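1. Attaching a predicted model along with its sequence, questions to come.
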Amino acid sequence: MTPDVARGGGPPAPAAPVKHGDFTGLAQNYARYRPGYSASVLTALLSLVGKPVDTIDAVDVGAGTGIWSALLAARGVRTVVAVEPNDDMREAGAQATAAGNTLASKIVWRRGSGENTGLTVHSADLLTAASSFHWMDFEQTMTEFVGVLRPGGRFAALWNPRVVEANPVLAEIEEQLRVLCPTLNRVSSGRSGITAHLTDRLCAHPAFDDVVYIEGRHSAFQTVDQYLGAWRSVNDIQVQLGPRAFSEFLAYVEQRLAGMPGVETTYLTRAWTARRR
């Protein structure tokens, strides 16, 4: 579990290192503090499926704690299966969605990965990977998804990075990461890495066509505790900084935001979707 920073007390002793791609110990912060996605992007994705929403069978792979899964359920799709390999994340997600609205409580949780979902062939009209596709092997995962999707069904990979340049305070905080780790390389930011060539890779895949890119922005106010909680749920930064530097970073954030009620954060939902032939 990542360390808590006591208000006004400076950073505590660092916790054990977080393993790359392993969200064990991060699930509670992930479920409580991670942001949602643009409602307009969700509307666009559902419309591209080409079926009445209440007849869509949706699968969310790498579902984490079910943030995107719950949004799908709340829109009234017929079924939602949430597939997550990490036990800690899956259990936290099942608890969070069961405690939510009636539609979200109907989400079915399964253990599986992008490379091996364990799902029935041709069982999904919409298969998504929300803030998770970068952890999957592209070729193996796309082969698996071709099998799970019905002909004419759609795959979508999406992320919701912060637009830090929209708030000078957040830009300062982001810069502190570079001070602590000049070689920092964001794995899951949604604005780098796999997303740079995702359109081309989907267009080149023989099993998919009609590749579409969608983006939308939304803003959310976060208290200082909520903002710190969101950082504590991030895996790749904790791995690259290490426990001590990450603890220093949290202490810097708390000091920088001292006396403020919170921060207004702008999120950019970026989605790539393709139709199974």
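-> Nice, thanks for sending it over. Numbers count the residues shown, from 1 in each chain.
2. switch to C-alpha atoms for all contacts and neighbour counts from now on
-> Fine.
3. Contact partners for the nearest residue to residue 136 once chain neighbours are set aside?
-> Using Cα to Cα, 6 or more residues apart in numbering and skipping the chain neighbours, the partner closest in space to residue 136 is residue 114 (6.0 Å). Going by Cα atoms under 8 Å, 6 or more residues apart in numbering, residue 114 touches 61, 62, 133, 136, 137, 140, 141, 144, 145.
4. What score does residue 27 have for pLDDT?
-> Predicted confidence (pLDDT) for residue 27: 54.
5. Which stretches in the stretch 1-150 of the chain count as strands?
-> Taking DSSP state E, counting those that start in this stretch as the criterion, the stretch 1-150 of the chain carries its strands at 57-61, 79-83, 108-110, 124-130, 149-159.
6. Make CSV from those strands and add distance to residue 39 to it.
-> As requested, the strands of the stretch 1-150 of the chain are exported to CSV (distance: least, Cα to Cα, whole Å):
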stretch, distance to residue 39
strand 57-61, 16
strand 79-83, 17
strand 108-110, 22
strand 124-130, 14
strand 149-159, 13
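7. Settle this for me: residue 271 is touching residue 161, isn't it.
-> No: at 11.4 Å, residue 271 does not count as touching residue 161 under the criterion of Cα atoms under 8 Å.
8. Look at these two and report which has more neighbours.
-> Counted by other Cα atoms under 10 Å, residue 271 and residue 161 do not tie: residue 271 has more neighbours, with 25 against 19.
9. Measure how buried the nearest residue to that one once chain neighbours are set aside is and give me the count.
-> Closest residue to residue 271 in three dimensions, ignoring its sequence neighbours and counting by Cα to Cα, 6+ apart: residue 158, at 4.1 Å. Using other Cα under 10 Å, residue 158 has 25 neighbouring residues.
10. looking at it, residue 158 is touching residue 216, isn't it?
-> No: counting by Cα under 8 Å, residue 216 is not a contact partner of residue 158; they are 11.1 Å apart.
11. Please enumerate the shared neighbours of these two.
-> 269, 270.
12. Would you mark the buried spots in stretch 115-132?
-> 115-117, 119, 123-132 (16 or more other Cα atoms under 10 Å).
13. Apologies, that question was intended for stretch 82-96.
-> Neighbour-count burial for stretch 82-96 flags 82-86, 88-94, 96 (criterion: 16+ other Cα under 10 Å).
14. so how far is the helix or strand hosting residue 255 off the chain centroid?
-> For residue 255, the element it lies in under DSSP states H and E is helix 235-256. Centre-to-centre, helix 235-256 and its host chain are 20 Å apart (Cα atoms, centre = their mean, to the nearest Å).
15. Then stretch 94-107?
-> With Cα atoms, centre = their mean, you get 18 Å for stretch 94-107.
16. Can you name the residues in contact with stretch 211-221?
-> 37-38, 40-41, 44, 199, 202-203, 262-275.
17. Take the strands of the stretch 1-150 of the chain and write them to a markdown table, including distance to residue 70 and mean pLDDT.
-> Rendered in a markdown table, the data for the strands of the stretch 1-150 of the chain read as follows (distance: least, Cα to Cα, whole Å; pLDDT from 0 to 100):
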| stretch | distance to residue 70 | mean pLDDT |
| --- | --- | --- |
| strand 57-61 | 10 | 98 |
| strand 79-83 | 9 | 98 |
| strand 108-110 | 11 | 96 |
| strand 124-130 | 12 | 98 |
| strand 149-159 | 15 | 98 |
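18. Those strands: which one's closest to residue 194?
-> Residue 194 sits nearest to strand 149-159 of all the strands of the stretch 1-150 of the chain, at 10.5 Å, using Cα to Cα.
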